[in-house]
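Peer 1: quick check, what structure comes out for this input:
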Amino acid sequence: MSLKTILNYSPNFYSTKRTPKQIKFIIFHYTGMKKESEAINRLTDINSNVSSHYLIKNNGEIVTIVPDLYIAWHAGVSFWKNNKSLNKNSIGIEISNPGHEFNYKKYSKKQILSILKLTKFLIKKYKIKSQNILGHSDVAPTRKNDPGEKFPWKYLSKHKIGYWHKLDNKILLKKRIIKTNESEKKLFFDNVFRIGYPKNMPKNFNINKVKYLRMITKSFQRRFRQEVINGLVDQECLIISQNLVKKLY
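Peer 2: I've put the predicted structure just below:
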């Protein structure tokens, strides 16, 4: 199985090669810039200190920016389960999109087809598990919102990319915005941390625990309950978290 890409290499990577077995995660990002050309320039600028392995353009073209076996600089300070600094074990995929700061938009059909093609290729090549297909906001919930609530996680899961819950939409709507009590909230966070979201705040991050848990909740919602992103744990969030834990364990 081959993959056709455009080459536009970045100088921003670590020179030491890793082995294929070290690649365990795929992390999706959006570029978060007004113009696609600006995003490409930034990812390939030696002074930016950022890069990714791939960029998916608005027209669906796939650009190789850093070869897979080199560590690109895309995840930054990041955590998932017992893993820290996920750059060393992940492949980063940037998708051209202005993001929340610049009129966040839906991903195009051409982009989604390329996401499917590229990700399936990488999953097969590196034997990446479905639970290790993540978004930047999953691994850095205190800093990042991308790829955001318009990213087609549910659709991708139908093609064995990532995973999704198995709850009927009618049941979910009945539970939406219905309050939870303190023990239910505790159960939700226990579930979320079992899924992989970071339990502890990054060091030197100056916010209180309540605000941190709200950020974690928003990250969960952007991934698994995309219709309402409010940082509040309701009954819908709770039953989704329970369903996901059952699926994973």
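
Peer 1: quick check: mean pLDDT across stretch 114-128?
Peer 2: Here stretch 114-128 scores 98 as its mean pLDDT.

Peer 1: list the buried residues in the helix ranked longest in the chain.
Peer 2: Across the chain, the helix with the greatest residue count (assigned by DSSP state H) is helix 109-126. In terms of neighbour count (16 or more other Cβ atoms under 10 Å), helix 109-126 has its buried residues at 111, 112, 114, 115, 116, 118, 119, 120, 122, 123, 126. Where C-beta positions appear, they are placed from N, C-alpha and C, glycine not excepted.

Peer 1: tell me where the model's unsure across the protein.
Peer 2: Under the criterion pLDDT under 70, the flagged ranges of the chain are 1.

Peer 1: what's the closest of the buried residues of helix 109-126 to residue 91?
Peer 2: In terms of Cβ to Cβ, no member of the buried residues of helix 109-126 lies closer to residue 91 than residue 122, at 5.9 Å.

Peer 1: show me what contacts the residue most central in space within the chain?
Peer 2: With distances taken as Cα atoms, centre = their mean, the residue of the chain nearest its centroid is residue 135 (0.2 Å). Shown in contact with residue 135 (Cβ atoms under 8 Å, 6 or more residues apart in numbering): 27, 28, 29, 146, 147, 151, 153, 222, 223.

Peer 1: what ranges do the helices span in this structure?
Peer 2: Using DSSP H, the helices found in the chain span residues 36-43, 109-126, 136-139, 153-157, 169-175, 182-195, 209-224, 235-248.

Peer 1: mean neighbour count, those helices: which tops it?
Peer 2: helix 136-139 (a mean of 26; mean count of other Cβ atoms under 10 Å).

Peer 1: helices or strands up against it?
Peer 2: Packing partners of helix 136-139 (3 or more Cβ pairs under 8 Å, 6 or more residues apart in numbering; DSSP states H and E): strand 25-30, strand 79-80, helix 209-224.

Peer 1: from residue 162, how far off is residue 213?
Peer 2: Using Cβ to Cβ, to the nearest Å, residue 213 is found at 24 Å from residue 162.

Peer 1: surely residue 49 touches residue 73?
Peer 2: Yes: here residue 49 lies in contact with residue 73, judged by Cβ atoms under 8 Å, at a distance of 6.2 Å.

Peer 1: and those two? which has more neighbours close in?
Peer 2: residue 73 (18 against 10; other Cβ atoms under 10 Å).
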